[in-house]
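> Here is a sequence together with a model predicted from it:
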Amino acid sequence: MISDEQTILEVKDLKIHFKLHEGLLKAVDGVDLSLRKKETLGIVGESGSGKSVTTQSILRIIPQTAHLEGEIILRSEETGKNINLATLPMNGKEIRKIRGGEISMIFQEPMKAFSPVHTIGNQMMETVLLHRTKDKNEAKEIVLQSLREVGMSNPEQRFDEYPHQLSGGMRQRAMIAMALASNPAILIADEPTTALDVTLQAQVLELMNNLKEKTGTSIIFITHDLGVIAEMSDNVAVMYLGQVMEYTDVDTLFHGAKHPYTLALLKSMPSVGAAENKRLEAIEGNVPTPINLPKGCRFFSRCKLAQDGVCNVQDIPLVKIEDGHYVRCVLVDEKNRGGR
Ligand SMILES: Nc1ncnc2c1ncn2[C@@H]1O[C@H](COP(=O)(O)OP(=O)(O)OP(=O)(O)O)[C@@H](O)[C@H]1O
C-alpha cells in the first residue's frame with residue numbers, strides 16, 4: 001500500500017477479535033490500510049465484512065470486550081508526532097482529544113451524533129470550544145459559518161433548534177457541519193447517506209466532495225454501495241470477512257478488478273444507463289459468521305472459481321500485482337506470475 005510523506009494514517013495488521021461462547025469471532029483479521037492527505041479511501045463490502053469495526057477501532061470506540069492487535073499510526077500534524085492509536089487508553093485524555101478533533105466521524109443515523117436534549121448550536125459550540133478556540137464569540141462564528149457551509153438555511157435559527165426539529169436531510173447536514181467544525185485532518189463517514197432518498201443522497205455526497213476540496217480533509221468512506229464508491233473514492237479497499245480482498249484506485253476497481261469477490265460485487269450492482277434487460281447476479285449464499293473459519297481463502301465457500309486443494313490449503317496473503325493494486329487470491333497471483 002502506498003505509504004510516503006503524504007500518508008497521515010496507517011493501519012498495520014489490525015486484528016479485532018471477540019471472545020464469544022461459540023468461539024473466537026474474528027471481526028477484523030490482519031487489515032492493512034493507508035490514507036494520504038486529501039485522499040478519499042472507500043471501504044466497501046457486504047454487511048458483516050468488518051468495515052465498521054475497522055474504522056471504529058481507529059477512534060477506539062469499539063466495545064471494551066474486543067481484543068485489539070496491530071498498529072494504527074496517526075501522523076499528527078497538531079503535535080508533529082506519530083501516535084499509535086491502538087495503544088492509547090480507550091477513554092484517556094489523548095484519544096478524547098483526537099476524537100472529534102483531528103479525526104471526526106459521521107454516521108448513518110445523525111441522532112447517534114447528537115444528544116436529543118441539547119440544541120444543535122450548543123453541541124457544536126462544545127466541540128469547537130474543545131478543539132479550536134476558547135473564545136465563545138469566535139466559536140459561535142465558526143459554528144454559524146459551518147452551518148452556512150453545509151447549506152443550512154437560516155443558520156441563526158437552526159443554532160437554537162433541537163435535532164428533532166430538523167428534517168432528515170438537514171440533520172445529516174448538521175452532523176457534517178459538526179464533524180467539520182473542528183477542522184479535522186480525517187473524516188470517517190460510516191454509510192452516511194444509506195438512509196436518505198436518492199436525491200438527498202446525491203446532494204450530501206456532492207456537499208462532502210465540495211467540502212473536501214475546500215478543506216483538504218482526508219476521508220474514509222464506508223459503504224456497501226459501489227455507486228457511492230464511484231462517486232466518492234480515490235482508492236478503494238474491498239473487504240470480506242475481516243480481510244481486505246482487493247485494494248486499488250477507483251478506476252482500476254471498475255475497469256480492471258481481479259478478485260473474484262470484487263467481480264461478483266460488480267456484477268451484482270445495477271449500473272446507471274445499463275440495458276434494461278441486463279441481468280444482475282446476486283452473490284449466492286450469505287456472509288458466514290467469522291467464527292472457526294477453515295484455513296484458506298475467506299471467500300472459498302461462495303467463490304465460483306474456487307479450487308479444492310488450492311484455495312483452501314493455507315491462508316492467502318494480500319499480494320501486490322501492480323503498483324497500487326493488491327489482491328488476496330492465489331489464482332490471480334498464479335496467473336499474474338505465469339503471465340510475466
Ligand atoms: N460487539 C460485538 N460483539 C461481537 N461481534 C461483533 C460486535 N460488533 C461486530 N461484531 C461482528 O463483527 C463482524 C464485523 O461487523 P461490522 O459491523 O464491522 O461489519 P460491517 O461490514 O460494518 O457490516 P454493516 O455493513 O452491516 O455495518 C460481524 O460478524 C459482526 O457480527
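Arrived safely, thanks for sending. Every value quoted in this text rests on a predicted model; they were computed, and no experiment measured them. Numbers count the residues shown, from 1 in each chain.
> ok, residue 299 - contacts?
240-241, 245, 259-261, 306 (Cβ atoms under 8 Å, 6 or more residues apart in numbering). In short, each C-beta sits where N, CA and C put it, glycine included.
> Enumerate every residue touching the residue of the stretch 101-250 of the chain found nearest the ligand.
Closest residue of the stretch 101-250 of the chain to the ligand, Cβ to the nearest ligand atom: residue 224 (5.4 Å). Listed by Cβ under 8 Å, 6+ apart, the contact partners of residue 224 are 44-47, 51, 191, 194.
> let's see it at 7 Å
Going by Cβ atoms under 7 Å, 6 or more residues apart in numbering, residue 224 touches 44-47.
> circling back to that earlier point, show only the entries of the contacts of residue 299 found in helices.
Residues of these located in helices (DSSP state H): 260-261.
> Show me just the buried residues among the contacts of residue 299.
In terms of neighbour count (16 or more other Cβ atoms under 10 Å), the buried residues within the contacts of residue 299 are 240-241, 245, 259-261, 306.
> contacts for the longest helix seen in the chain?
Determined from DSSP H, the single longest helix within the chain is helix 198-215. Contacts to helix 198-215, defined as Cβ under 7 Å, 6+ apart, come from residues 40, 149-151, 169, 172, 176, 180, 183, 192-193, 196, 219, 228, 231-232.
> Can I have the buried ones of these as a ChimeraX selection?
Buried residues within the contacts of helix 198-215, by 16+ other Cβ under 10 Å, are selected in ChimeraX with:
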select :40,149,150,151,169,172,176,180,183,192,193,196,219,228,231,232
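> Quick check: beta-bridge partners of residue 67?
residue 17 (DSSP bridges).
> Might one say that residue 62 is in contact with residue 18?
No - assessed by Cβ atoms under 7 Å, residue 62 is found out of contact with residue 18, at 9.2 Å.
> between those two, which one's more packed in?
Using other Cβ atoms under 10 Å as the criterion, residue 62 and residue 18 rank with residue 62 on top: 21 against 17.
> okay, that one: pLDDT?
For residue 62, the pLDDT comes out at 91.
> In contact with the residue nearest to residue 94 when sequence neighbours are not counted, which residues?
Leaving aside its chain neighbours, residue 94 sits nearest to residue 88 (5.1 Å; criterion: Cβ to Cβ, 6 or more residues apart in numbering). Residue 88 makes contact with 60, 94-95 under the criterion Cβ under 7 Å, 6+ apart.
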